[in-house]
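**Student:** I'll drop the sequence and a predicted model, then ask my questions.
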Amino acid sequence: MTDVAWVSQDKIYFLREIDSEGSELWLRDAGRERKLASNADIPDHCGPLDFLFAGKPGTLGVGMECDGFDRLISYSETTGAFAALLDVPRAADVALSDDGGSGYISTGKDDCWEIQPFGDAVGSDLIDWEDYSCRLGKSAKSPVIVGDGSVIFAATNDPPPEQLRADERRVWRLMAASVERGGVEQVGPELHGFPDLAVVPGESKAVVTVSFNGPAEVLEVDLRSGQSRRIRQTDFALSLSVSPDGKKVAFVDGKGRIVVQKLSS
């Protein structure tokens, strides 16, 4: 398994790698797993399934890796239908606004990461993404759009490690940009290792994974106080997704399994 998205209470979607050429879309529903679709089952497919993201309630987002761009596809749990949303530059993940036509993409190359807005993205006038660019030796990744108009992301001022992810020693920080804050400010602790993040419904708390030379920690971070606490230590953690009720988080471990962890109340 390479990616997960928790869209409705009992349903976790995930990508299962079938060979070096691509993955299939699967669904875990109340503990039972079944194949939902392969590339050929999705209209307007142009390449392998690449990543998942949660859209509006009851809607799954799928990213397809095409020739020089990614195609974003939606899947409705109500109708069981796929529909093309829009094409965006090559991305590792995406944060889509409620309008479905704007948001942010995160791209990575040689462990240098950048965030790019597209369309009329929420909060894009508050952030100069050039300040977090690879050109300046910095990185930013994992954008999340929250309901109050904030954009939360992870950023570092340190250059990429010479041996890439295996030698990750950068110090990352959780950042937030909003009109209320008057710009960009740090909202969480320093993270010593490669981060990924998801925001808990209610938007006062985030869940962050931090990987350093193999071992990984899963942290809860209070976005108001900046305080954090470790809720799990594991061999590896990738692709966070929080349940709609905000009580659990799912991620992929080092053996490609979906792990579900309870969050504090």
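**Tutor:** Here it is on my side, so go on.
**Student:** which residues does Gln116 contact?
**Tutor:** 89, 104-105, 107, 129 (Cβ atoms under 8 Å, 6 or more residues apart in numbering). (Glycine included, C-beta is placed from N, CA and C.)
**Student:** Compare those and tell me which has the most neighbours.
**Tutor:** Taking other Cβ atoms under 10 Å as the neighbour criterion, Tyr104 ranks highest of those with 29 neighbours.
**Student:** I'd like to know how many residues surround the nearest residue to Gly147 once chain neighbours are set aside.
**Tutor:** Leaving aside its sequence neighbours, Gly147 sits nearest to Glu203 (Cβ to Cβ, 6 or more residues apart in numbering; 6.0 Å). Glu203 has 15 neighbours, counted by other Cβ under 10 Å.
**Student:** taking the contacts of Gln116 one by one, which sit in strands?
**Tutor:** In strands, defined here by DSSP state E, the members of the contacts of Gln116 are 89, 104-105, 107.
**Student:** between those residues, which is nearest Gly182?
**Tutor:** Nearest to Gly182 among these is Tyr104, at 20.1 Å by Cβ to Cβ.
**Student:** who does the closest one bridge with?
**Tutor:** Ala95, Pro117 (DSSP bridges).
**Student:** Break this structure into its domains for me.
**Tutor:** Per automatic domain parsing, the structural domains of the chain span 1-90, 99-265.
**Student:** Straight-line length of the longest one, end to end?
**Tutor:** Spelled out, that is domain 99-265. Start to finish, the residues bounding domain 99-265 are 31 Å apart (Cα to Cα, to the nearest Å).
**Student:** Okay, Val7 and Val199: tell me how far apart.
**Tutor:** 15 Å (Cβ to Cβ, to the nearest Å).
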